[in-house]
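**Student:** coordinates for the following, if possible.
(one chain, ligands or ions: 1)
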Amino acid sequence: MLAFRKMHGLGNDFVVLDARAKPVDLPESRIRAIGDRHRGIGFDQLLVIEPPTDGSTAFMRIYNPDGSEAQACGNGTRCVAHLLMDEAGSDEVAVQTRRGRLPSYRNSDGTVSVDMGAPMLDWQDIPLARDVDHLHLPIELEVLHDPVAVGMGNPHCVFFVPDAEAVDLSRLGPQIEHHPMFPERTNVEVASLGPDGVLRLRVWERGAGITLACGSGTCATAVAAHLRGHVDASEQPIRIRVDGGELAIQWRQDDGHVIMTGPIATSFLGEMAL
Ligand SMILES: N[C@H](CCC[C@H](N)C(=O)O)C(=O)O
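**Tutor:** The predicted model follows:
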């Protein structure tokens, strides 16, 4: 039996395994089996806590339900940071991911923030297939056109649309995910600016499908909206409404880092037979 924890950030849900004391054998078939919401446990991402190699509190490995490994996961980082902070009796930790060392901290209202680092805006880093203007990608699919590409460690393709609710994301999302412009596939965001200045965002996640919240997608959308002049995310955090609630994102000017803040929760502890 293998002990696990189920956590979520705004309904973006994770199975968390602790492999610090003993490595866990995770072939792709096992990841898919655990991720099966009917025959397994189900998750948007499987997060494996491993020993760090860069002096961080721990390393966090990220898998999608299709078995692929992701470089970044904003909400997952906040959840694992919460665990590590409880464990250390501290309000601050650093979580190492393939994206780098991500400082994370707990706020007085119980929310958890993560410093997701500076966005990657160079075509090779996002990565895109060729040298094109990342602020205006030559991609068009029905109601979706003229997106912004942003790298948060993982690739994002952000479309601004009049009404995010009206987009058939389950049909169009996978087509953009596999667009040849993205050699490593992409996460897909559709966003619209409400009259209250709040961005409404829906996300089709690479390797996972539609999720209730995608932290790195929210960061990428804040950066894209700022660069396009829809919002000013530099002075104070902007609010982004996803299916599962609201996240606050600031694109700090002094160091260019993106800070994401929101709630996290543990739903249960269990043991899996898989
Ligand atoms: N839910 C995650 C994103 C997972 C990333 C994954 N879908 C990919 O890039 O392949 C987040 O909060 O940032």
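**Student:** so where does Met85 fall, helix or strand?
**Tutor:** Following DSSP states H and E, one finds Met85 within helix 74-88.
**Student:** how near is the nearest residue to Ala248 once chain neighbours are set aside to the ligand?
**Tutor:** Leaving aside its chain neighbours, Ala248 sits nearest to Pro237 (3.8 Å; criterion: Cβ to Cβ, 6 or more residues apart in numbering). The way it works is simple: take the backbone N, C-alpha and C, and place the C-beta from them, glycine included. Plainly put, Pro237 is 17 Å away from the ligand if you go by Cβ to the nearest ligand atom, to the nearest Å.
**Student:** got a list of what Ala233 touches?
**Tutor:** 222-223, 225-226, 249-251 (Cβ atoms under 8 Å, 6 or more residues apart in numbering).
**Student:** if we use 10 Å, what do you get?
**Tutor:** 199, 219, 221-227, 240, 248-253, 258-259 (Cβ atoms under 10 Å, 6 or more residues apart in numbering).
**Student:** can you state the direction angle for the worst-scoring helix or strand of the chain on mean pLDDT and helix 74-88?
**Tutor:** Least confident element among the helices and strands of the chain, by mean pLDDT, DSSP states H and E: strand 265-272 (a mean of 95). Interaxial angle, strand 265-272 versus helix 74-88 (axes from the mean of the first three to the mean of the last three Cα atoms, to 10 degrees): 80 degrees.
**Student:** contact partners of strand 265-272?
**Tutor:** The contact list for strand 265-272, computed with Cβ under 10 Å, 6+ apart, reads 1-11, 13-17, 30, 33-34, 40-41, 79, 82-83, 86.
**Student:** for Leu135, what are its contacts?
**Tutor:** 121, 146-150, 224, 227-228 are the contacts of Leu135 under Cβ under 10 Å, 6+ apart.
**Student:** what distance separates the start and the end of stretch 131-140?
**Tutor:** Stretch 131-140 has an end-to-end distance of 18 Å (Cα to Cα, to the nearest Å).
**Student:** show me which residues of the stretch 1-150 of the chain sit near the ligand.
**Tutor:** 12, 44-45, 64, 70, 72-76 (Cβ under 6 Å from any ligand atom).
**Student:** tell me the spacing between the nearest residue to His179 once chain neighbours are set aside and Leu172.
**Tutor:** Leaving aside its chain neighbours, His179 sits nearest to Ile139 (6.0 Å; criterion: Cβ to Cβ, 6+ apart). Ile139 sits 11 Å away from Leu172, taking Cβ to Cβ, to the nearest Å as the criterion.
**Student:** anything in contact with each of the two?
**Tutor:** Phe159.
**Student:** how many other residues sit next to Asp122?
**Tutor:** 11 (other Cβ atoms under 10 Å).
**Student:** same thing with the one 3 residues further on?
**Tutor:** The number of residues packed around Asp125, counting by other Cβ under 10 Å, is 13.
**Student:** related to what we said a few turns ago, direction included, what does the following helix or strand past the helix holding Met85 pair up with?
**Tutor:** The helix or strand immediately downstream of helix 74-88 is strand 92-97, counting by DSSP H and E. Paired neighbours of strand 92-97 in the sheet (DSSP bridges): strand 58-63 (parallel), strand 100-106 (antiparallel).
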